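> Give me coordinates for this.
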Amino acid sequence: MPGADGGHEMRPEWGRTTPKPGEAEYARVEVPAAEAHPHTLLLLRDPPGTYDPGQGPRLMDRVHEALRSRHYSPRTERTYCAWIRRFILFHGRRHPAEMGEEEINVFLSHLAVKGRVSASTQNQALSSLLFLYRHVIGRDVGDLGHVIRARRPKRLPVVLTQDEVKAVLSHLDGDKKLMASLIYGSGLRLMECLRLRVQDIDFARLEVLVRRGKGDKDRVTMLPKHLCPPLEKHLRRVEARHQKDLIEGWGRVPLPGALHRKYPNASREWRWQWMFPQERRWKNAREGTEGRHHVHETVLQRAVREAVRRAGIIKRAGCHTLRHSFATHLLEAGYDIRTIQELLGHKNVATTMIYTHVLNKGGHGVRSPFDVL
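Modelled structure (predicted):
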C-alpha cells in the first residue's frame, strides 16, 4: 500500500516481543519496502552510555508518554512514532541522543531527493523529530543548515458537479448513503462524520456539533433538512440495537478523556452512543467484554470509490471530494466566504479561498473568445 511519503510501499517487519533475560526488546516497525531487510528489527530500549536501560523507561515509551501528556490525537501519536522509528533505522539504529542537526539534515534531504516525498510529508517528518528532541531528549534543535526542502506545489481540489454528486449517492444505499450524504450536506471530514454521537445532532435547530475536529476544535455546521427523516429512522434502528446490547449486558462505548471515571455509567447512556456503530460487536477474548465502535473509515471509502466507478465518473473522487463539493457549491450559490470558512472549520480564510478557483465558470468567470466565434 502507498506510504506516508506518497511513493514507497510500507511493509511491517516483526521482531521478538518477549525477550530473553538480558536481551533488548523489539517491536513491530513500518519500514519502506525499498529499504527493508528480511531481518530488520528496531531497538527500542535506550543503549548503554547515553541512557542506561535500567534507569528508566524505554525511548519509545517516553515518546508515547510525552505525546499523550500533551493530548495529541492517537493518529498524530502513531504518525510521530513511525517517523521517529524510521529516523533511527535510517541512521543504523543509532540512539537519537547521539545524533543532532547534521543527521536530521541528512534524513530530511534523503526524503526529498531519494524518497521524492511531498512538502507536507517532509514537514511532518521534521515536526516529529523536533518534538522528539525538544520534549523527550530535552534539547532544542539548532540550525539545520541547507536542508533540501520539497517544493510545495499549488494543487486544486477535485470537485463534483451537483449532478455528479447525485449520481454517486444514487449508487449508495443504507448507512453508507446516509454517511456520504451527511459529509456532502454538512461539509464534514470523513472522521468527523464517523465519530458523531447521538447528542451531536440537533434536529430542532438543524445543526451538527462537531466535537474535537481537526486541531482539537469544536464547531457547529448545518444539518440538511431533507436528511432529518432518514436520520431519525436510522437512529430508531440504532437505539433498538443499543437496547438489545444493554439487555445482553453490554452497550458501553469509549468516552473522551477521563469522563469514564467521572461518570462511570455515562458510556451506557443513549446520548453517548455512536451515530454510525458497527454492525457486529467487537470481542475482547482476554477480558471477555464486548462492545461497538463506530464504522471503520475504510468501509465508507471503499463504498464511495465503487459508487464513483459505477456512476461512470472519471474524476479521482473520494469521501473528501464531497466536502470540497460542499464548499464549492455554496460559493456558486453566492454565500459569503467567511461563512463557508466557519462551516468548514478552517483556521485561515486563505485555505477556504482555494475553492474560488474551481467555480464552474472557469478562470475568474471570464468568457473565452472562442465561445463567441
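> Now residue 219: phi and psi?
For residue 219, the backbone dihedrals (degrees, to the nearest 10) come out as phi -160, psi 160.
> Quick check, it in contact with residue 212.
No. Residue 219 lies out of contact with residue 212 (Cβ atoms under 8 Å); the separation is 10.3 Å. For glycine as for every other residue, the C-beta is placed from the backbone atoms N, C-alpha and C.
> Please, where are all the helices along the stretch 201-350 of the chain?
Along the stretch 201-350 of the chain, counting by DSSP state H, counting those that start in this stretch, helices occupy 228-247, 259-262, 297-310, 319-332, 337-344, 349-352.
> Domains in this structure, by residue range?
Split into domains by automatic domain parsing, the chain comes to 10-137, 162-358.
> is it possible to export those domains to JSON lines including mean pLDDT?
Compiled in JSON lines, the domains of the chain are given as follows (pLDDT from 0 to 100):
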{"stretch": "domain 10-137", "mean pLDDT": "72"}
{"stretch": "domain 162-358", "mean pLDDT": "91"}
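> Now tabulate the ones you listed in JSON lines and tack on mean neighbour count and distance to residue 156.
Output for the domains of the chain, formatted as JSON lines (neighbours: other Cβ atoms under 10 Å; distance: least, Cβ to Cβ, whole Å):
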{"stretch": "domain 10-137", "mean neighbour count": "16", "distance to residue 156": "15"}
{"stretch": "domain 162-358", "mean neighbour count": "16", "distance to residue 156": "5"}
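> which stretch among those domains comes nearest residue 369?
Across the domains of the chain, residue 369 has its closest neighbour in domain 162-358 (21.0 Å, Cβ to Cβ).
> Run the chain-centre distance for the closest one.
In terms of Cα atoms, centre = their mean, to the nearest Å, the centre of domain 162-358 is set 14 Å apart from its chain centre.
> Over to stretch 79-89?
On Cα atoms, centre = their mean, the centre of stretch 79-89 falls 18 Å from the chain's centre.
> go on, stretch 108-117?
Per Cα atoms, centre = their mean, the centroid offset for stretch 108-117 relative to its chain is 23 Å.
> Identify the residues contacting residue 305.
residue 318 (Cβ atoms under 8 Å, 6 or more residues apart in numbering).
> Tell me the spacing between it and residue 104.
37 Å (Cβ to Cβ, to the nearest Å).
> cool, residue 156 as well?
Residue 156 is 33 Å from residue 104, by Cβ to Cβ.
> Also residue 185?
44 Å.
> Then residue 319?
35 Å.
> Likewise for residue 314?
From residue 314 to residue 104 the distance is 42 Å (Cβ to Cβ).
> For the protein, just list every one of the strands.
Ranges of strands in the chain, per DSSP state E, are 10-13, 26-27, 29-32, 42-43, 201-202, 207-210, 219-222, 282-283, 290-291.
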